[in-house]
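*Asks:* Here is my input; please provide its structure:
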Amino acid sequence: MTINLVPLFRKKKELYLPEDEVTILVRLFVDNKILNLSSGIKVRYENWNPNWKNTRKKNPIKDKEPNHIEKNLLLKTKEKEIKDIVFEIERSGGIPTVDLIKTHLRTDKIQKKKKSLSDVHFIILLEKYYDWIKSEEYKILTQNTDSYIRSVVGSIKDLIRFSNVYEQRGNIQLTTEDIDTTFVSGLIKFCDKRGLQPSTIKKRLKVLVSFSKWVGDKIGVIFSIPIPKKVFTDIEKDIIFLKRDEVLKIYKFDKFDYSNENHLDYKKKGVLHYMKNTTPKRKKDYTIVTSYEVYKDMLLFLCGTGMRFGDLITLRVDDKEFDSKDRMKGEIKYQSEKTKKITRVPLNRLTMNIFNKYSSGKGKEDYLFPRTNKGNSISGTKFNKHIKEICKEIGLNRGVKSPQYNLDRTIVKGTEISVELYEKVSSHIGRKTFIREQIESGTPPRVIMSMTGHKSQKVFDGYYNILKGDRMKNNDKIFSTNLKDDESENSFGITKHQEEKLKKEKSLFDIGLLPKEIYLERVREIMG
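*Replies:* As a prediction, the model looks like this:
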């Protein structure tokens, strides 16, 4: 069986003038029988597009037709109406014959007279909105980033998915008049059962509201979305980041490195593979590194720069700006893929070592980190999978909790149990680690935001928690002027507590995680 939109010709096609009007039919072919249903829509013969399904816009009526938007929507609604009838017959175990389809059309449950655009099928309007969001025109007018557009597209797909479910459950055809509290609460429950977090559900509703405004502006149909206000209150969550000693542990672990023969054990197991770090300016075309060596260095670079993974994989050698006085210093300058903001972040000795390792012998236009053997960038999914395995091998097994929450703010059963750190490691933990390290170094939040590219203080605040150490950092100095430390001193005149602190700061300074100025300042603070 096929369903098509076709013009009703009452004379030979060649006798029609361009300005003549033809009525559009919904034509069904069922068991060698034809069923013609009038749509009630007339269009000029010159403006009918017989190959409309193969066009980009997929509109049967050309834009030159007066009221072409309304007519196209009504035609597609009529076609969808018939498809829904056929689907309902088949779902009930029946065979969609011509007579049975006619019977369904006669019932008040299905048949509607399209008096205005408010009766246009809701899903068709959503599909139109989907096309608009993906259009080049939308991108130019709004200046929204590709990542934002992908997020909106994902929300629209969920709205279409739920609308189909809602129609089947209620045996109705949705119009804008049906979007009430029952629909919205059903959408929330639908998203919740799919495991979406409250923040993600809030995005779905935000897109639904934006859609309703678009319908009002573009189509002229006004309807409001009843949004609940209290169900989406924010919950403070524990932010998982790598501690300094864990970053050091990753840095010192070299069994994956090509220069370490121990990597052959992992190679035999099929855990890692070789990658070519192309160096076209050298006589050799490339140097060899292992995949796990690259992933490990990428994670460290993320921790040392606070970059997003999408920006990391597009980083080029020319994105480093040298210090005018010292070429061993400098900063990374790049345009954020997500926000389009120009971001600068200084290199420390850790990130400088990694930069030098992968940039050696390359031209300015070359990517910093190796590509796959097919020349593509490393995918985020692959990186997140393997970095967990790497961190497990390194021994990052500190217990962490990352509970998920229901809409009523209760914890999802089973998610309150602590898991080992490596299970939660992903590319984004580097960004959180960088922010936590900067906070502990005493860097002002606005300066940190300039290095991470955050535009909003609210979003930035979601990347770290206020820890006990933050509250206690300067607490020991209060009223300490006339008080003595009871701890015994060693032969150098410092306490064991001071000695431990000095060793910790020295180790961070030695590998480059701590700039010299900050290191000296901390030494002075520890020594009083």
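*Asks:* export the longest strand that the chain contains as CSV, just CAs?
*Replies:* Counting residues, the longest strand in the chain under DSSP state E turns out to be strand 33-44. C-alpha atoms of strand 33-44 as CSV (Å, rounded to 0.1, in the frame of the first residue of the first chain):
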residue,chain,number,x,y,z
LYS,A,33,-7.8,-0.3,-5.7
ILE,A,34,-7.5,3.4,-5.6
LEU,A,35,-9.0,5.7,-2.9
ASN,A,36,-8.9,9.4,-3.6
LEU,A,37,-9.5,11.7,-0.7
SER,A,38,-9.8,15.5,-1.2
SER,A,39,-7.6,17.6,0.9
GLY,A,40,-9.6,20.7,0.3
ILE,A,41,-6.4,22.5,-0.7
LYS,A,42,-6.1,24.2,-4.1
VAL,A,43,-2.9,25.3,-5.7
ARG,A,44,-1.8,27.0,-8.9
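*Asks:* That strand: partners in the sheet, and parallel or antiparallel?
*Replies:* strand 21-30 (antiparallel) (DSSP bridges).
*Asks:* from the chain's centre, how far out does the strand it pairs with sit?
*Replies:* 43 Å (Cα atoms, centre = their mean, to the nearest Å).
*Asks:* Export only the CA atoms of that strand, formatted as CSV.
*Replies:* Listed next in CSV are the C-alpha coordinates belonging to strand 21-30 (Å, rounded to 0.1, in the frame of the first residue of the first chain):
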residue,chain,number,x,y,z
GLU,A,21,-5.8,25.9,-9.9
VAL,A,22,-5.9,22.2,-9.2
THR,A,23,-7.2,20.5,-6.1
ILE,A,24,-4.8,18.2,-4.2
LEU,A,25,-5.8,14.7,-3.4
VAL,A,26,-4.5,12.1,-0.9
ARG,A,27,-4.4,9.0,-3.0
LEU,A,28,-4.1,5.5,-1.6
PHE,A,29,-3.3,2.3,-3.5
VAL,A,30,-4.7,-0.6,-1.6
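*Asks:* Averaged pLDDT, it. What do you get?
*Replies:* Strand 21-30 shows a mean pLDDT of 87.
*Asks:* what does the helix or strand hosting residue 355 rub up against?
*Replies:* Per DSSP states H and E: residue 355 is located in helix 349-359. For helix 349-359, contacts defined as Cβ atoms under 8 Å, 6 or more residues apart in numbering pick out 251, 277, 297, 300-301, 304-305, 317, 320, 328-330, 332, 347, 366, 368-370, 511-513. To be clear about C-beta, it is placed using only N, CA and C from the backbone, and glycine gets the same treatment.
*Asks:* Now with 7 Å, please.
*Replies:* Helix 349-359 is contacted by residues 251, 277, 297, 300-301, 304-305, 317, 320, 347, 368-369, 511-513 when judged by Cβ atoms under 7 Å, 6 or more residues apart in numbering.
*Asks:* and the next element down the chain from that helix?
*Replies:* Downstream of helix 349-359, the next assigned helix or strand under DSSP H and E is helix 380-394.
*Asks:* could you pull out the strands for the stretch 51-200 of the chain?
*Replies:* Taking DSSP state E, counting those that start in this stretch, the stretch 51-200 of the chain contains no strands at all.
*Asks:* Can you show me the helices along it?
*Replies:* Using DSSP state H, counting those that start in this stretch, the helices of the stretch 51-200 of the chain run over residues 68-91, 98-106, 122-133, 136-142, 146-170, 181-193, 198-218.
*Asks:* among these, which is nearest residue 343?
*Replies:* Among these, helix 146-170 comes nearest to residue 343, with 15.1 Å by Cβ to Cβ.
*Asks:* Might you calculate how far that closest one sits from the centre of the chain?
*Replies:* How far helix 146-170 lies from its chain's middle: 15 Å, per Cα atoms, centre = their mean.
*Asks:* Give the rounded mean pLDDT of it.
*Replies:* Rounded mean pLDDT across helix 146-170 is 91.
*Asks:* sorry, back to before: of the helices of the stretch 51-200 of the chain, which shows the lowest average pLDDT?
*Replies:* Lowest mean pLDDT within those: helix 98-106, at a mean of 72.
*Asks:* Can you name the residues that contact residue 448?
*Replies:* Contacts of residue 448 by Cβ under 7 Å, 6+ apart are 435, 438.
*Asks:* Need phi/psi at it.
*Replies:* phi -60, psi -40 (degrees, to the nearest 10).
*Asks:* Then residue 405?
*Replies:* Dihedral angles of residue 405 (phi, psi; degrees, to the nearest 10) stand at phi -120, psi 140.
*Asks:* about what we covered before: next step: the contacts of helix 349-359 restricted to strands.
*Replies:* Applying DSSP E to the contacts of helix 349-359, the entries found in strands are 277, 320.
*Asks:* From the contacts of helix 349-359, which land in helices?
*Replies:* If you go by DSSP state H, the contacts of helix 349-359 have 251, 297, 300-301, 304-305, 511 in helices.
*Asks:* follow-up on the earlier one: from the chain's centroid, how far away is the helix holding residue 355?
*Replies:* Its chain's C-alpha centre and that of helix 349-359 lie 28 Å apart, by Cα atoms, centre = their mean.
*Asks:* Same question for stretch 210-230.
*Replies:* When C-alpha coordinates are averaged (Cα atoms, centre = their mean), stretch 210-230 and its chain have centres 24 Å apart.
*Asks:* mind listing what's buried in it?
*Replies:* 210-212, 214-215, 219, 221, 225 (16 or more other Cβ atoms under 10 Å).
*Asks:* Can you pick out the most distant pair from those residues?
*Replies:* 219 and 225 (15.6 Å).
*Asks:* ok, residue 24 touching residue 39?
*Replies:* Yes: between residue 24 and residue 39 there is a contact at 4.8 Å, judged by Cβ atoms under 7 Å.
*Asks:* what's the overlap in contacts for the two?
*Replies:* Common neighbours of residue 24 and residue 39 (Cβ under 7 Å, 6+ apart) are residue 75.
*Asks:* gap between residue 522 and residue 68?
*Replies:* Using Cβ to Cβ, to the nearest Å, residue 522 is found at 69 Å from residue 68.
*Asks:* Between those two, which has more neighbouring residues?
*Replies:* Per other Cβ atoms under 10 Å, whichever of residue 522 and residue 68 has more neighbours is residue 522, with 20 against 16.
*Asks:* Please list all residues in contact with the more buried one.
*Replies:* residue 505.
*Asks:* Would you mind giving me the confidence score for it?
*Replies:* At residue 522, pLDDT is 79.
*Asks:* From here on, call the first residue 37.
*Replies:* Happy to do that; since the first residue is 37 now, the last one works out to residue 558.
*Asks:* For it, what is the enclosing helix or strand?
*Replies:* Secondary structure from DSSP H and E places residue 558 in helix 552-563.
*Asks:* Same question for residue 467.
*Replies:* helix 464-476.
*Asks:* Just the mean pLDDT for that helix, thanks.
*Replies:* 90.
*Asks:* May I have it exported as PDB, CA atoms only?
*Replies:* Extracted in PDB, the C-alpha atoms of helix 464-476 (Å, rounded to 0.1, in the frame of the first residue of the first chain):
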ATOM      1  CA  HIS A 464      35.700  16.500  31.300                       C
ATOM      2  CA  ILE A 465      37.500  15.500  34.600                       C
ATOM      3  CA  GLY A 466      40.500  17.400  33.300                       C
ATOM      4  CA  ARG A 467      38.500  20.600  33.200                       C
ATOM      5  CA  LYS A 468      37.200  20.100  36.700                       C
ATOM      6  CA  THR A 469      40.700  19.200  37.900                       C
ATOM      7  CA  PHE A 470      42.200  22.400  36.400                       C
ATOM      8  CA  ILE A 471      39.600  24.600  38.000                       C
ATOM      9  CA  ARG A 472      40.000  22.900  41.400                       C
ATOM     10  CA  GLU A 473      43.800  23.300  41.200                       C
ATOM     11  CA  GLN A 474      43.500  27.000  40.300                       C
ATOM     12  CA  ILE A 475      41.100  27.600  43.200                       C
ATOM     13  CA  GLU A 476      43.500  25.900  45.600                       C
END
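*Asks:* I am finished for the moment; much appreciated.
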